[in-house]
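K.L.:
Coordinates for the following, if possible.
(one chain, ligands or ions: 1)
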Amino acid sequence: MLLLLLLPWGVVVVSQPLESRRPSRRLSLNVPGPELAPTVTLRRTFREFWPDTRGLRMLFVAGVIFAVLAALCEVAAIRLFGHITDQVLATKNLEQFWVPAFSWLGLAAVAGLASFAGAYVTALGGERFLLVLRDRVFAHLQTLAPDFSEKRRLGDLMARLTDDIQAIEELVGSGLVKAITTAASVVFFAGAAFFIRWDLALITMALVPAFLVVSKLFAGRFRTAAARERASNGAMNSVLEEGLANQPLVQAYNRQGAESRRLHREGRGWLRANMAQAWLSGLYGPAVQVIETVCLIIILGVGAWEIAAGRLTLGGLLAFAAYLALLYPAVQGLGELALVASEAGAGSDRVIEILRSKPVVTDAPGAVSAGTSSGRIRFDGVGFTYPGRSRAVLQDLSFTAEPGEVVVFTGASGAGKSTLAKLLLRFYDPDAGRILLDDVDLRDLTRESLRENVTILHQETLLFSGSVRDNIAYGRPDATLDEIVRAAEAAGVHGFATQLPQGYDTPVGQRGRLLSGGQRQRLAIARAILRDAPVLVLDEPMTGLDEITARQIMGPLRRLMAGRTTLLITHDLRHVPEGARTIVLEQPTRTDRVRLKRCGVHARPPRLSTPP
Ligand SMILES: Nc1ncnc2c1ncn2[C@@H]1O[C@H](COP(=O)(O)OP(=O)(O)OP(=O)(O)O)[C@@H](O)[C@H]1O
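P.N.:
Residues are numbered from 1 along each chain as shown. Purely as a prediction, here's the structure:
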């Protein structure tokens, strides 16, 4: 049941399938599936992730030492078994029994303790490594512009942060411990067999080339099948995530059947990928078993011949067979590692793809802190085109918003109003011109200090699944309950929050779905009030609210805007505050040659809103 694989870093033996792998009915390695990320070698996987084991390596070393100790105890125990067979059973001399019997018991106790300790420290190291890996990839994701996640399927990203990372740990962390200890066991058991009868052991080793041939047939296919399984797992998770997150839409549009079919389709892709793996594992086991059986028959035949000729004792043959019986599972263990290595290789492609993605915006080497600014914003001839797009979204946009001033941006859908907010937060840098905060180019400021100065209220209210209180304090986690309540009162949250079953500690549900649209919006306003930044960006704050709710929101919004530089993005000029300046971002007029767009600052008097 063993099979040697030539891997970039040495020779590893593949054998029996992992127990969890299901039997197969057919092989379809050419299953049409999602695009696979480019292949990386195992060497590259180690180069990328081995540094993350810093601080944990002693745990892995301890795991190896304990496991090796347990294997040595087993070698010694089998030696005692041979001794008992020859000196007690064959001679019927019971006096020779007790010392080896108690020694055997002692060895079993030490082996048990060592193997427990080894498994424990290895698991501890592995789990901590997993934590470090996940933190690192997630932290890197956070440095990328939000568009990175928005352009990808959430479920697939989540699969990379969970399953793929786990597969990497099983190779680089606990997998490496297992590889070393299993290789050591192979050496011990094979060495002990050689010690008893080197010629007999050599005969059993003569069939190794047969394993090599079988391995060559399987290795590459294992890798491809694992890569397809990883990719289709991500696709299936995406459908699940989207279906559950959009459940109200699915049910309202009677699309339950369609969503179930979509999941079924992706599930079938996953099934095919798994079956390809199971087919390989299932086929490979019997192929190796045939070779192994040939080995055993040869040993028994030669052993019987040697015993008859008086050159081998029965105890010697039994001990020899026992070493081989332990050697094969050890070799199988190495084989399982080759499967794990295949999966980890596939997973690491996908994780490395994230880690190699560079943030479009970084802090300049000499970037300074913005401190607490007065809130003066100036766009100076700003032009911007999204990466990968040929059409400019903003062209030569210039305006100044003085501290405390409200500037309204309006214009057709797609004119670039929200893009303006993304530039102000430095999710992107403009291709032309510059944006200044208190006369300092945003590119000369650290992003963290810049964002401390700007609060944005998004078009779609973004809430976390924590409590009302957690959501208000999101931008200022150190805020006291008094400060939270004051912000809640100003935003009109206090009234409904105190009516909730657990008051401020009531969970708001996934994305705040247990609250109404107006309540969610007021909660976001309270969050912004508590954050108290000098610049405020309101991106369609009335979206989705009916007229009455919109009017109710106006009071809290006014309190929020008071004293802050406010960029108010809206289609709805009915709610524009008095005295506000209005800038209309215009749609390109000639759609056949739309490379440029005019941005007009309208000198017409601002529209007055008359909220009651
Ligand atoms: N991440 C992105 N990558 C590429 N293009 C984008 C991206 N985000 C927006 N766009 C494009 O940029 C243009 C401006 O988008 P933006 O969201 O700024 O418009 P808007 O004026 O806020 O529209 P609306 O009023 O409908 O919210 C649109 O054509 C949009 O398709």
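
K.L.:
Residue 400 pairs with what?
P.N.:
For residue 400, the beta-bridge partners are residue 378 (DSSP bridges).

K.L.:
count of residues packed around it?
P.N.:
Look at residue 400: counted by other C-beta atoms under 10 Å, it has 13 neighbours. C-beta coordinates here come from the backbone N, C-alpha and C atoms, glycine included.

K.L.:
my read: it touches residue 437, true?
P.N.:
No: between residue 400 and residue 437 there is no contact under C-beta atoms under 8 Å: 11.5 Å.

K.L.:
Quick check: neighbours shared by these two?
P.N.:
Residues within reach of residue 400 and of residue 437 at once, by C-beta atoms under 8 Å, 6 or more residues apart in numbering, are 376-377.

K.L.:
Which neighbouring elements make contact with the biggest helix by length in the chain?
P.N.:
For the chain, the helix with the greatest residue count under DSSP state H is helix 256-308. In terms of contacts (3 or more C-beta pairs under 8 Å, 6 or more residues apart in numbering; DSSP states H and E), helix 256-308 is packed against strand 2-7, strand 10-15, helix 198-205, helix 208-245, helix 314-356.

K.L.:
who's in contact with the closest residue to the ligand within the stretch 251-400 of the chain?
P.N.:
Residue of the stretch 251-400 of the chain nearest the ligand, by C-beta to the nearest ligand atom: residue 386 (3.4 Å). Shown in contact with residue 386 (C-beta under 8 Å, 6+ apart): 393, 419, 428.

K.L.:
So which of those is surrounded by the most neighbours?
P.N.:
Among the contacts of residue 386, residue 393 has the most neighbours (other C-beta under 10 Å), with 22 neighbours.

K.L.:
Near the ligand, list only the ones from the contacts of residue 386.
P.N.:
For the ligand, the contacts drawn from the contacts of residue 386 by C-beta under 6 Å from any ligand atom are 393, 419.

K.L.:
Out of the contacts of residue 386, which comes closest to residue 257?
P.N.:
For the contacts of residue 386, the residue nearest residue 257 by C-beta to C-beta is residue 419; the value is 37.9 Å.

K.L.:
wait, isn't that closest one in contact with residue 383?
P.N.:
No: Residue 419 lies out of contact with residue 383 (C-beta under 8 Å); the separation is 11.2 Å.

K.L.:
Now do the shared contacts for the two.
P.N.:
When contacts are counted by C-beta under 8 Å, 6+ apart, residue 419 and residue 383 are jointly contacted by residue 394.

K.L.:
Report the separation between the residue of the stretch 251-400 of the chain closest to the ligand and residue 582.
P.N.:
Distance, residue 386 to residue 582, by C-beta to C-beta, to the nearest Å: 25 Å.

K.L.:
Relative to residue 231, how far out is the nearest residue to residue 229 once chain neighbours are set aside?
P.N.:
Take residue 229 and drop its neighbours on the chain: the residue closest to it by C-beta to C-beta, 6 or more residues apart in numbering is residue 273, 4.1 Å away. Using C-beta to C-beta, residue 273 is found at 8 Å from residue 231.

K.L.:
ok, how many other residues are close to residue 69?
P.N.:
18.

K.L.:
Secondary structure element holding it?
P.N.:
Secondary structure from DSSP states H and E places residue 69 in helix 57-84.

K.L.:
Now that helix: buried residues?
P.N.:
59-60, 62-64, 66-84 (16 or more other C-beta atoms under 10 Å).

K.L.:
Low-confidence regions, the stretch 201-350 of the chain specifically.
P.N.:
Per-residue confidence for the stretch 201-350 of the chain (pLDDT under 70) gives these ranges: 207-209, 211-212, 215-216, 219, 248-249, 252-253, 332-333, 335-336, 339, 343.

K.L.:
what's the neighbour count on the residue lying closest to residue 525 once chain neighbours are set aside?
P.N.:
Nearest in space to residue 525, with sequence neighbours left out and distances taken as C-beta to C-beta, 6+ apart, is residue 491 at 4.1 Å. Neighbour count of residue 491, defined by other C-beta under 10 Å: 25.

K.L.:
Residue 561 now?
P.N.:
19.

K.L.:
pretty sure it contacts residue 405?
P.N.:
No: contact between residue 561 and residue 405 fails when scored by C-beta under 8 Å: they sit 10.0 Å apart.

K.L.:
separation between the closest residue to the ligand within the stretch 51-200 of the chain and residue 422?
P.N.:
Minimum separation of the stretch 51-200 of the chain from the ligand (C-beta to the nearest ligand atom) falls at residue 147, amounting to 4.0 Å. Distance of residue 147 to residue 422, given as C-beta to C-beta: 9 Å.

K.L.:
Residue 473 in helix, strand or coil?
P.N.:
helix (DSSP: H, G, I helix; E, B strand; the rest coil).

K.L.:
tell me the contacts of the closest residue to it other than its chain neighbours?
P.N.:
Excluding its sequence neighbours, the residue lying closest to residue 473 (C-beta to C-beta, 6+ apart) is residue 479, at 4.8 Å. Shown in contact with residue 479 (C-beta under 8 Å, 6+ apart): 472-473, 487, 530.

K.L.:
Can I take it that residue 479 is in a strand?
P.N.:
No: under three-state DSSP, residue 479 falls outside any strand and is assigned coil.

K.L.:
Just name whatever secondary elements the helix holding residue 69 is in contact with.
P.N.:
For helix 57-84, the packing partners by 3+ C-beta pairs under 8 Å, 6+ apart come out as helix 98-143, helix 174-196, helix 314-356.

K.L.:
quick one, which of the ones you listed is packed in tightest?
P.N.:
Most buried of the helices and strands packed on helix 57-84 by mean neighbour count (mean count of other C-beta atoms under 10 Å) is helix 314-356; its value is a mean of 22.
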